[in-house]
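> any chance you could fold what I've pasted below:
(2 chains)
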2 protein chains.
Amino acid sequence: MAEGTFSFAATFLSLLEDKKYPTIRDIMTTMNAVDIAMLFDEMDDERIPLLFRLLPKELAAEVFVEMDDDSQELLIRGFSDAELKAVVDELYVDDAVDIVEEMPANVVKRILKQADPEMRKMINNILQYPDDSAGSIMTTEYVSLRPEMTVEDAIKRIRRNVVEKETIYTCYVTDKNRTLIGMISLKELLIAEDDTIIEDIMETNVICVDTLTDQEEVAQMFNKYNFMALPVVDKETRLVGIVTFDDAIDVMEEETTEDIEKMAAIVPSDKPYLRTGVFETWKQRIPWLLILMISATFTSMIITSFENALAAQVVLTAFIPMLMDTGGNSGSQAAVTIIRGISLGEIEFRDIFRIIWKEFRVALLCGSVLALANFLKLLFIDRIGIYVAAVVCITLLLSVIIAKIVGSTLPLLAKKIGFDPAVMASPFITTIVDALSLVVYFKIATILLGI
Amino acid sequence: MAEGTFSFAATFLSLLEDKKYPTIRDIMTTMNAVDIAMLFDEMDDERIPLLFRLLPKELAAEVFVEMDDDSQELLIRGFSDAELKAVVDELYVDDAVDIVEEMPANVVKRILKQADPEMRKMINNILQYPDDSAGSIMTTEYVSLRPEMTVEDAIKRIRRNVVEKETIYTCYVTDKNRTLIGMISLKELLIAEDDTIIEDIMETNVICVDTLTDQEEVAQMFNKYNFMALPVVDKETRLVGIVTFDDAIDVMEEETTEDIEKMAAIVPSDKPYLRTGVFETWKQRIPWLLILMISATFTSMIITSFENALAAQVVLTAFIPMLMDTGGNSGSQAAVTIIRGISLGEIEFRDIFRIIWKEFRVALLCGSVLALANFLKLLFIDRIGIYVAAVVCITLLLSVIIAKIVGSTLPLLAKKIGFDPAVMASPFITTIVDALSLVVYFKIATILLGI
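So this is what the prediction gives:
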């Protein structure tokens, strides 16, 4: 789709030059809001307000939600109060909150001023929850039913309120204290007889989350249970909102990107790469590079302390990179597998011994194959002395084993003591493994080569 | 949830020992199918059939779908034809297909034999599409309406067929040739007046995919448009099925895990880590380890060719690991960022020059800071000669720049020539960067130190 949208921009611009506004309007009304937003984000700032005003009211609001923060702010600043109100009235409360969170204070003030009191109350209510909590990503526009209602009443009620509800497909049943006591899907309502009482057909074992539950956990639950929506309750299990699957998908994606960035020694940011400035990107990358460079001092110190051995056998130096790379790769293979397993909820700390035992056997297999292959290469291709070859290959085997054990256990331990497993990944492990394998290398060398 | 489910297993077992079947049944009926399935997968094989038979018919089918292949096969082999039919009749066709795809031929034959003809036809129909295509993950149980219907007819029709349809919340409008001409959500139907004609209110610009569209692309579209379902059409744009969001979420997850594994030089598998055998895991990991070890030969060769320089200045050896690690980390930072951007559809090949220019500036910033910090350390802490320090730090700066450029462009080029960007990631790039930075290192050394 992206492809299409972009190549499209040219046509669009020329139509704009020729002031063919009706045509542009016609084209846009045939497009999906997401694609229109992407098109706008590509345009020069001064063009956006004009184009935006060409959109029919409802579509305009949908497009607005999908645009990036900068373009949204630009538009709002250009809006008359009436225009702003028109857009805000069309927004779902959770989208409104997302926008408000990104805008500077004075813009926020204008938005809240134009929102009708009901909406303003809902926005402020959601804003009070901490970032990354279920409360912060929920919407308060859900359908709630009463246990004593009949199916007919329920369906009538849904049809009456359908417009302002974000989803009507999962309905929640609450008692007079707003306590969540059950749920029923619209599908089940449509199957049931009109005079059936909700209480008799509702699902009473409702899986729900607390307003303060971490959004990552919320996303994992969607993933596990394939829900379309998940109810959010307060300390007294009163229903306060719902999270819909589309927001959960966004969270999943955010969290995965964060994990991947951390595994690559990057400080995560939630901005797309192309919209992140050079300086910001630098700030994401320099901290770990510095830390890792300094921690590499150990490896230097180890090498220096064996300077004489090396002077005697300069050939040993030639294999340091190969040994370190192989160790590093073996380690990150294990680390990344475990980290992904943890964030998918497939692996827990209690599995640690199973994992060590498995990794040990895998390492033995990998290590031996690598060592053997390398040994033959050293003897018959590089024609190196059998003792040196032995030193290199024994080190290879041992460092693969070390790497896999360290790589698989470190993330689990990190998780256990409350650190982020992803941060423990490849780069950090590489440094540790480097140091260990170098020590092994020189120890074996001094023994076998008697230096 | 997982936590809960497991600690729970103990209680469950003791109830089982005491043959408290009614109690167990009561407990299970209060549980979500997913949790019951996880519990079963934890149990010893011989217990599963007994427990399964305690489940009420409908719940049983739900649980069955969520169990792992091994347990499913175990159950089917134990089933009487009647039991098997009971389960199969409750399945949605896309779930049935998922199961059939995992089972050995003789089991498949039994399943198809028990499925009613209609179901069998649908299963075979879906089985004909290639793996990872939209056709292979779609379901054929969708609601299709006719343009001339009134809203009242449509709702009646939906209520009549609701039971066997996987989703009724998005309805598709087809003409008499089954060509897809529009769509309408149940929500819009409920808002509309009873006597409105579907054709007048349906959305006519329907975004759809071809049966052969890659499942990753399908997942990306869900992600972009927040659809609940996506229609799948054949070459003649006849509607043949729909993909629902829950299947799309599973695909997203699979594809992300694959990317992450590839980035870590692992041959992807679709089995969870803990259920993969040692030998299988070995097969996933050894290929890249071997390739990378052998490609590290270049670095060895480079070092050997500078043996004399090193013999003259053994101190240079001490910084090889630090230089290589820093280069490797800088490279994978860039690579991983770009790869993720590509798979999220945020970055395309046409951005390559913007990216190179950006990465160059980021590299300049990162490189200078690292070089400076290191220079001071070498002079005042390690008390190393200023010339050697200069050699190390100039190399540091240059290799960071090389690493970022190589790391960011390689994935884009890979994508362009139809390779998988993820495979081009960190390990591969590390090897290239290692070689390049070593050459730079020794060249500069020979010049500045006159060796």
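> am I right that residue A:271 is in a strand?
No. The assignment for residue A:271, made by DSSP: H, G, I helix; E, B strand; the rest coil, is coil rather than a strand.
> which residue, neighbours along the chain excluded, lies closest to it?
residue A:280 (7.3 Å; Cβ to Cβ, 6 or more residues apart in numbering or on different chains). Every C-beta, even on glycine, is put in place using the N, C-alpha and C of the backbone.
> on the pLDDT front, check the one you found for me.
Confidence at residue A:280, expressed as pLDDT, is 90.
> mind listing what whatever residue of the stretch 1-150 of chain A ends up closest to chain B touches?
Residue of the stretch 1-150 of chain A nearest chain B, by Cβ to the nearest Cβ: residue A:30 (4.9 Å). By Cβ atoms under 8 Å, 6 or more residues apart in numbering or on different chains, the contact list for residue A:30 reads residue B:205.
> and it, what pLDDT?
Reported pLDDT for residue A:30: 86.
> same thing with the one 4 residues further on?
At residue A:34 the predicted local distance difference test score is 89.
> neighbours of it, how many?
Residues contacting residue A:34 under the criterion other Cβ atoms under 10 Å in any protein chain shown number 20.
> that one belongs to a helix?
Yes. The assignment for residue A:34 is a helix, going by three-state DSSP.
> residue B:225 is in contact with that one, correct?
Yes. If you go by Cβ atoms under 8 Å, residue A:34 and residue B:225 touch, sitting 5.4 Å apart.
> who's in contact with residue A:299?
So residue A:299 contacts A:431, A:434, A:435, A:438, B:321, B:322, B:325 (Cβ under 8 Å, 6+ apart).
> with adjacent residues omitted, what lies nearest to it?
Nearest to residue A:299 is residue B:321, by Cβ to Cβ, 6+ apart, at 4.0 Å.
> wouldn't that neighbour be in contact with residue A:325 here?
No. Residue B:321 lies out of contact with residue A:325 (Cβ under 8 Å); the separation is 10.4 Å.
> wait, what's in contact with the closest residue in space to residue A:193 that isn't next to it in sequence?
Closest residue to residue A:193 apart from its sequence neighbours, by Cβ to Cβ, 6+ apart: residue A:151 at 6.6 Å. Counting by Cβ under 8 Å, 6+ apart, residue A:151 makes contact with A:189, A:192, A:193, A:194, A:195, A:196, A:198, A:201.
> any of these buried? List them.
A:189, A:192, A:196, A:198 (16 or more other Cβ atoms under 10 Å in any protein chain shown).
> contact partners for the second one?
Residue A:192 makes contacts with A:151, A:201, as judged by Cβ under 8 Å, 6+ apart.
> what about residue A:118, how many neighbours?
11.
> and it, what's its pLDDT?
pLDDT, read off for residue A:118, is 87.
> need the residues that contact the helix or strand where it lies.
Residue A:118 belongs to helix A:117-127 when assigned by DSSP states H and E. Under the criterion Cβ under 8 Å, 6+ apart, residues A:88-89, A:91, A:93-94, A:96-97, A:100-101, A:112, A:115, A:135-136, A:138-141, A:241 lie in contact with helix A:117-127.
> which element follows that helix toward the C-terminus?
With DSSP H and E, the next secondary element past helix A:117-127 is helix A:134-137.
> list the helices and strands that following helix packs on?
helix A:215-225, strand A:229-233, strand A:239-244 (3 or more Cβ pairs under 8 Å, 6 or more residues apart in numbering or on different chains; DSSP states H and E).
> could I get the full set of strands for chain A?
With DSSP state E as the criterion, chain A has strands at A:144-145, A:170-174, A:180-185, A:209-210, A:229-233, A:239-244.
> mind putting the ones you listed into a markdown table with mean neighbour count and mean pLDDT?
Converted to a markdown table, the strands of chain A look like this (neighbours: other Cβ atoms under 10 Å in any protein chain shown; pLDDT from 0 to 100):
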| stretch | mean neighbour count | mean pLDDT |
| --- | --- | --- |
| strand A:144-145 | 20 | 92 |
| strand A:170-174 | 23 | 94 |
| strand A:180-185 | 20 | 94 |
| strand A:209-210 | 19 | 94 |
| strand A:229-233 | 25 | 94 |
| strand A:239-244 | 26 | 93 |
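> distance to residue B:416 added to the ones you listed, as CSV?
Below are the strands of chain A laid out as CSV (distance: least, Cβ to Cβ, whole Å):
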stretch, distance to residue B:416
strand A:144-145, 52
strand A:170-174, 44
strand A:180-185, 46
strand A:209-210, 43
strand A:229-233, 41
strand A:239-244, 37
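> in TSV, list those along with distance to chain B.
Below are those laid out as TSV (distance: least, Cβ to the nearest Cβ, whole Å):
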stretch	distance to chain B
strand A:144-145	15
strand A:170-174	10
strand A:180-185	9
strand A:209-210	10
strand A:229-233	11
strand A:239-244	9
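> now stretch A:405-419: buried residues?
A:405, A:406, A:407, A:408, A:409, A:410, A:411, A:412, A:414, A:415.
> my bad, should have said stretch A:30-43
Going by neighbour count (16+ other Cβ under 10 Å), the buried part of stretch A:30-43 is A:31, A:32, A:33, A:34, A:35, A:36, A:37, A:38, A:39, A:40, A:43.
> before we move on, back to that, mind listing which of the contacts of helix A:117-127 are in helices?
Counted as lying in helices by DSSP state H, out of the contacts of helix A:117-127, are A:88, A:89, A:93, A:94, A:96, A:97, A:100, A:101, A:112, A:135, A:136.
> could you flag which of these are buried?
Here, 16+ other Cβ under 10 Å leaves A:88, A:93, A:94, A:96, A:97, A:100, A:112, A:135, A:136 buried among the ones in helices among the contacts of helix A:117-127.
> burial count for the residue nearest to residue A:271?
Using other Cβ under 10 Å as the criterion, the residues surrounding residue A:280 number 13.
> that one against residue A:273, yeah?
No. Look at residue A:280 against residue A:273 with Cβ under 8 Å: they stay out of range, at 10.3 Å.
> hmm, back to that, from chain B, how far out is the residue nearest to residue A:193?
11 Å (Cβ to the nearest Cβ, to the nearest Å).
> ok so, going back, closest one to residue B:375 among the helices and strands packed on helix A:134-137?
The closest of these to residue B:375 is helix A:215-225. By Cβ to Cβ, the value is 41.2 Å.
> average pLDDT for that closest one?
88.
> what packs against it?
Looks like helix A:215-225 contacts helix A:134-137, strand A:209-210, strand A:229-233, helix A:245-263, helix B:245-263 (3+ Cβ pairs under 8 Å, 6+ apart).
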